[in-house]
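> pasted the sequence and its predicted model underneath.
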Number of protein chains: 4
Amino acid sequence: MPEQIPKGLVRPTVPALDDILGKLFPVLDDGFVRVVDYMGDDAAVVQAARVSYAEGTKKVSDDRGLIRYLLRHRHTTPFEMCELKLHVRVPMDAWRQWIRHRTASVNETSTRYSIAIDAAQKTAADQWRLQASNNRQGSDGCLSPEDGAELTQQEADLQNEIRQVYQGRLDRGIAREQARKDLPLCTYTEAYWKVDLHNLLHFLALRMDSHAQKEIRDYATVIGEQIAARWIPLTWEAFQDYRFGATALSRLEHLVLAAVGRGDKDQARAVAEKAGWLTQSSKTGKLARNRERAELEAKAADLNITLPW
Amino acid sequence: MPEQIPKGLVRPTVPALDDILGKLFPVLDDGFVRVVDYMGDDAAVVQAARVSYAEGTKKVSDDRGLIRYLLRHRHTTPFEMCELKLHVRVPMDAWRQWIRHRTASVNETSTRYSIAIDAAQKTAADQWRLQASNNRQGSDGCLSPEDGAELTQQEADLQNEIRQVYQGRLDRGIAREQARKDLPLCTYTEAYWKVDLHNLLHFLALRMDSHAQKEIRDYATVIGEQIAARWIPLTWEAFQDYRFGATALSRLEHLVLAAVGRGDKDQARAVAEKAGWLTQSSKTGKLARNRERAELEAKAADLNITLPW
Amino acid sequence: MPEQIPKGLVRPTVPALDDILGKLFPVLDDGFVRVVDYMGDDAAVVQAARVSYAEGTKKVSDDRGLIRYLLRHRHTTPFEMCELKLHVRVPMDAWRQWIRHRTASVNETSTRYSIAIDAAQKTAADQWRLQASNNRQGSDGCLSPEDGAELTQQEADLQNEIRQVYQGRLDRGIAREQARKDLPLCTYTEAYWKVDLHNLLHFLALRMDSHAQKEIRDYATVIGEQIAARWIPLTWEAFQDYRFGATALSRLEHLVLAAVGRGDKDQARAVAEKAGWLTQSSKTGKLARNRERAELEAKAADLNITLPW
Amino acid sequence: MPEQIPKGLVRPTVPALDDILGKLFPVLDDGFVRVVDYMGDDAAVVQAARVSYAEGTKKVSDDRGLIRYLLRHRHTTPFEMCELKLHVRVPMDAWRQWIRHRTASVNETSTRYSIAIDAAQKTAADQWRLQASNNRQGSDGCLSPEDGAELTQQEADLQNEIRQVYQGRLDRGIAREQARKDLPLCTYTEAYWKVDLHNLLHFLALRMDSHAQKEIRDYATVIGEQIAARWIPLTWEAFQDYRFGATALSRLEHLVLAAVGRGDKDQARAVAEKAGWLTQSSKTGKLARNRERAELEAKAADLNITLPW
């Protein structure tokens, strides 16, 4: 190993990331993300993997192939060797989701020490999202801009009023830690957020997902496409192929599809039957709603495979 | 080791804690804490320590002495062998401080899935705290109840108005995840919070401290005095003696006090001088303000030791 | 929520696990695993999920369906609500792999405090595994028992000799912490190991896998099949279907298979070509070895899908 | 905040650390430590603290004072903003203690993939440490070099023999993962170890301590004095004063010393009596051995304070 690290070592740098160091990427109406510091690069992932596997991998493959192999097979520790440190400005309700990712380091502005940032997220007239009917946690489509304009005005009035109450309390000498209590959840906060590459990818996989709330998805998308893509391009490519764009087939789904593949429709039906996926509704005589079957049907449709029911 | 675990093993139980399982301890105006489940007891701490030290500790000491030894010398892993699972109802701004403790497991009500709890923390007329002048993050004294009454009324009006805006958005079909954005930071939320005993003690040491914000301190105090004290009484006693009530002397403070102890005032002054603690203000000719010296002076006063300056 | 937790709460118990509490499950020639304590059950997973999704999930599904949903969609926090505490006896070289899983609590016998356990793992004559040729980290087949007998005798002699050296050093008064230095890596150690269910499943997924070393795989298999299966039967069933038995298709693999599915062989080839999977060997004129293509071919074969090359 | 980060941001560098990047610091007979990469510096700690306290701390103090304040009051998150990545070569038995520190990232050479490093720690004739009589886990003094020479020769012979058995197994085709099983615990391994500054200080506080085993203490001392001292000199100085060199007084110890301080010997005795520290031995009529009292007596002696018993 020693010989792999030359004497006159210099820290790895990524010119493409150095170019945007400190640059502010705007997100939402008044938020941002920017890179403050980083450690490591694609080569650091490779270096860590090679110490584990030593000679074992020397011939195997170039760096790109090794990174793809590691990500495909969910080797995680080599990706922990890289760190990213961001400075973010984000509404507190999105930030609450963000810091549920526990494996990161955080220093956030305290509204006990300082007066709260005088900015809350504002919603444009055409950005009022409607509750999804098929998904209890999501949204689907938007209110008409005409109707939205009314909500936007109401939002502005409310935020102004709340801020005045906050300021009034401070003027009366109330402690900052208490005066803040009725500020809106969407009040902006700022923080340094430092995370290693493995945990960053996990964050991005969850928060760039279409099921994530739009606000945090906007942040994750900027971090992924503007920052991670520049920083660790090989890992980013592998992430797209093997994690973000991957599909999982369960053991039972696999059994059904394999039976279909060899033309054995009876067996395919038998597996599904045994899994309880083909129960008939006593009312309609049709297949009853079944979430697991629905997920398999969606996957089969994507693969252009016809299921025997 | 094997012989230490009898065949017909039963899970350790703590009758004093079983007695209050599920019991709701009220906190603040509308919050609560209650125990849902737990694992282990004082004896589990001892059991874990004895596997580490094996015969080494057998004769050493009874359980109480061993627990005190472990806590005094900051042995942490034996305390990780116990777990506590709470159900809490807490204002979101206190909850934000709470979940900064990363080494715990959390499931919280989602206001994406469900309508937000229709309750926000309310402040009694005599509970409006004034900003501390000597401590940027704290509070000190309260507004007069007469003046407070006005703020309390204003708070009620504002919370009502915000709730109406929230409800109005929902009535227009706006997605819950967006409608909630202007709810007050002090809106109540509920969660399961599970933590091991080592990390619980760390939480309590920080959050029962007089510098913690009153709201979270109230929760920590209930958890400590009502729950931990019943659950692991020996550990709780040791915690009070060796952690919560402990004083730390820095290397330099120790040098000063040791010099005072042997009557060598010159040496005591010399150490302080070298540390930069005795600089004179050019204006007043008196000792300039110095935070480190002030902390030493406070400790010396507590110990009834007179410093030579 | 409050109404979900009745007043006279009792801790959830799992009779099937209580039945084996403290029972020793032998592993390898002289190791064991046994359950010392636990917290929670399948219902605790469901309870935690329901506080998150509140009314959102009430009607959705029974407990089994919800657990399957959570595991399928990689929701992790509800599984953190359960804890398992084991007492294990394991060779140190397997233990080294074990404690690389960092999210667990451990108290291990110290060979600084106590004399090392007088047992090292012994290998039966028919258990000497041969180095796999196609896998640098694995083994494949065994030495003949006749040849193995020789190695087994040599192993016994060596272990005896090492133990004598160790004992001799102790007899000379050498400190235990130093005397132990030449003991074999396979010396047995004992420990308490406590882990939450989410991290336990992660451990089992990796260590029950056919690529894990046989020694630790034996432990993982006992923990999974003898203990987890009794403790949280619904989660265990879901784990088999959705995690342990699952297959992942990468974005590119999916593109190829979907093209094959709709009969578009050209497109399938085009995707593979672009991914660099169909490079011809200049020597043989055949397809060059390519690890990513080989993995796709294996998956397609399992699904009885014919690839167009 | 934004204005604190200038546009043309460059990564912070520490020339004193850059000077030794990649440089091998020898430890023990054949081990080493060297810095591979790092992120952040003393100023990064300050920057993170200032975002939390914002204006609150601006005037307070210079960087040195702030860092000392943070460390004294056990603020931990600002120190997490710095990372250090080392390449180490260390005997496996010391490494086992090392990786018990879970909050770090590790990639270690695998002896499943590769042949084990052909080096085991060797002990010089004058380095055979004797078991401490007053401390079950420590050592105290050394064997005479004449007697030690004998053990050193025996050690060399044993290590040679073990290595031959290992090589013989490999020659027979035994899998590396199994062939290694009887290698000595002190066989050298290599790893990358990456840790944030907060966790590094915790590691150093425990492993530079006089109770740590000499082997790992040697590594910790090199990391502290050769590397940390160069990297974050202000934090290192504060660490010495406020952590490594600090003394803790428990609540009871404080009560006793405070009573002595104001000349109230009766009260001092009363506290000690109530704590059970002054029990008389029925045999000797003298004070019975009591560990807590002994610790207080040692601290009082260090402070030149006379206890009234």
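Ah, there it is. This structure is a prediction, so every number in the text was calculated from the model and none was measured. Numbers count the residues shown, from 1 in each chain, chains lettered A, B, ... in the order given.
> quick one: contacts for residue A:211?
Counting by C-beta atoms under 8 Å, 6 or more residues apart in numbering or on different chains, residue A:211 touches A:135, A:137, A:138. All C-beta spots, glycine's among them, are computed from the backbone N, C-alpha and C.
> filter these to the buried ones?
A:137, A:138 (16 or more other C-beta atoms under 10 Å in any protein chain shown).
> out of the contacts of residue A:211, who's nearest residue A:176?
When the contacts of residue A:211 are compared for distance to residue A:176 (C-beta to C-beta), residue A:137 comes out closest, at 33.5 Å.
> also within reach of chain B: list those from the contacts of residue A:211.
By C-beta under 8 Å from any C-beta of the partner chain, the members of the contacts of residue A:211 lying near chain B are A:137, A:138.
> do a quick rundown of the strands in chain A.
Using DSSP state E, the strands of chain A run over A:25-27, A:31-39, A:83-91, A:105-108, A:129-131, A:139-142, A:188-196, A:247-249.
> does any part of the third one sit near chain D?
Think strand A:83-91. Yes: using C-beta under 8 Å from any C-beta, we find that strand A:83-91 touches chain D at A:83, A:85, A:87, A:89.
> for those residues, pick the one with the most neighbours.
Neighbour counts for those, by other C-beta atoms under 10 Å in any protein chain shown, peak at residue A:83, which reaches 27 neighbours.
> ok, that one touching residue A:194?
Yes: between residue A:83 and residue A:194 there is a contact at 6.3 Å, judged by C-beta atoms under 8 Å.
> ok, residue A:111 - contacts?
A:176, A:177, A:180, A:183, A:189.
> which of the residues you listed fall within helices?
Of the contacts of residue A:111, the ones assigned to helices by DSSP state H are A:176, A:177.
> now the contacts of residue A:111 in JSON lines, with distance to chain D?
Converted to JSON lines, these look like this (distance: C-beta to the nearest C-beta, whole Å):
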{"residue": "A:176", "distance to chain D": "10"}
{"residue": "A:177", "distance to chain D": "12"}
{"residue": "A:180", "distance to chain D": "14"}
{"residue": "A:183", "distance to chain D": "16"}
{"residue": "A:189", "distance to chain D": "10"}
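> and the helix or strand of chain A with the lowest mean pLDDT, what's buried?
Ranking every helix and strand in chain A by mean pLDDT, DSSP states H and E puts strand A:139-142 at the bottom, with a mean of 86. For strand A:139-142, the neighbour count (16+ other C-beta under 10 Å) marks A:139, A:142 as buried.
> partner strands of that strand, with direction?
Here strand A:139-142 is paired, per DSSP bridges, with strand A:129-131 (antiparallel).
> need the contact list for the closest residue in space to residue A:292 that isn't next to it in sequence.
Nearest residue to residue A:292, sequence neighbours excluded (C-beta to C-beta, 6 or more residues apart in numbering or on different chains): residue A:277, at 5.9 Å. If you count contacts by C-beta under 8 Å, 6+ apart, residue A:277 has them with A:290, A:292, A:293, A:296.
> list phi and psi for residue A:285.
Per-residue torsions, residue A:285: phi 80, psi 0 (degrees, to the nearest 10).
> what about it, how many residues nearby?
Using other C-beta under 10 Å, residue A:285 has 7 other residues around it.
> residue A:288 now?
For residue A:288, using other C-beta under 10 Å, the count is 14.
> distance of the closest residue to it other than its chain neighbours from chain D?
With C-beta to C-beta, 6+ apart as the criterion, residue A:288 has its nearest non-adjacent residue at 4.2 Å, and that residue is residue A:281. Relative to chain D, residue A:281 is positioned 51 Å away (C-beta to the nearest C-beta, to the nearest Å).
> thought residue A:290 was touching residue A:281, still the case?
No: judged on C-beta under 8 Å, residue A:281 makes no contact with residue A:290 at a distance of 10.2 Å.
> of those two, who's got more company?
residue A:290 (17 against 10).
> which residues of chain A fall in helices?
Using DSSP H, helices in chain A cover A:15-18, A:42-53, A:63-72, A:92-98, A:145-171, A:176-179, A:197-207, A:214-222, A:229-231, A:233-239, A:251-261, A:265-274, A:291-302.
> show me the contacts for the residue in the stretch 101-250 of chain A that chain C sits nearest to.
Residue nearest to chain C within the stretch 101-250 of chain A (C-beta to the nearest C-beta): residue A:245, separated by 3.0 Å. Taking C-beta under 8 Å, 6+ apart, we find residue A:245 in contact with C:250, C:251, C:254.
> return the distance of stretch A:75-84 from the chain's centre.
17 Å (C-alpha atoms, centre = their mean, to the nearest Å).
> could you give the bridge partners of residue A:249?
residue C:247.
> and it, how far is that from residue C:49?
24 Å (C-beta to C-beta, to the nearest Å).
> do the same with residue A:125
37 Å.
> repeat for residue A:157
38 Å.
> quick check: residues of the stretch 151-300 of chain A near chain D?
Within reach of chain D by C-beta under 8 Å from any C-beta, the stretch 151-300 of chain A has these residues: A:190, A:191, A:192, A:194, A:196.
> so who does the residue nearest to the third one when sequence neighbours are not counted touch?
Right, the one you point to is residue A:192. Nearest residue to residue A:192 in three dimensions, chain neighbours excluded: residue A:107, at 4.8 Å (C-beta to C-beta, 6+ apart). By C-beta under 8 Å, 6+ apart, residue A:107 lies in contact with A:191, A:192, D:48, D:49, D:51, D:52, D:77, D:78, D:81.
> you'd agree residue A:91 is up against residue A:191?
No: applying C-beta under 8 Å, one finds residue A:91 not in contact with residue A:191, separated by 12.0 Å.
> which one of these two has more residues nearby?
More crowded of residue A:91 and residue A:191, by other C-beta under 10 Å: residue A:91, with 25 against 21.
> show me what that one is bridged to.
Going by DSSP bridges, residue A:91 forms beta bridges with residue A:188.
> for it, what are its contacts?
Applying C-beta under 8 Å, 6+ apart to residue A:91 gives the contacts A:28, A:31, A:120, A:121, A:185, A:186, A:187, A:188, A:189, A:215, B:181.
> hang on, the fourth one packs against residue A:89?
Right, the one you point to is residue A:121. No: if you go by C-beta under 8 Å, residue A:121 and residue A:89 don't touch, sitting 10.6 Å apart.
> ok, for residue A:236, nearest residue in space, not its chain neighbours?
Among residues not flanking residue A:236 along the chain, residue A:229 sits closest, at 4.8 Å (C-beta to C-beta, 6+ apart).
> hmm, back to that, is it possible to export the contacts of residue A:277 to CSV including pLDDT?
Shown next, in CSV, are those (pLDDT from 0 to 100):
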residue, pLDDT
A:290, 91
A:292, 92
A:293, 95
A:296, 95
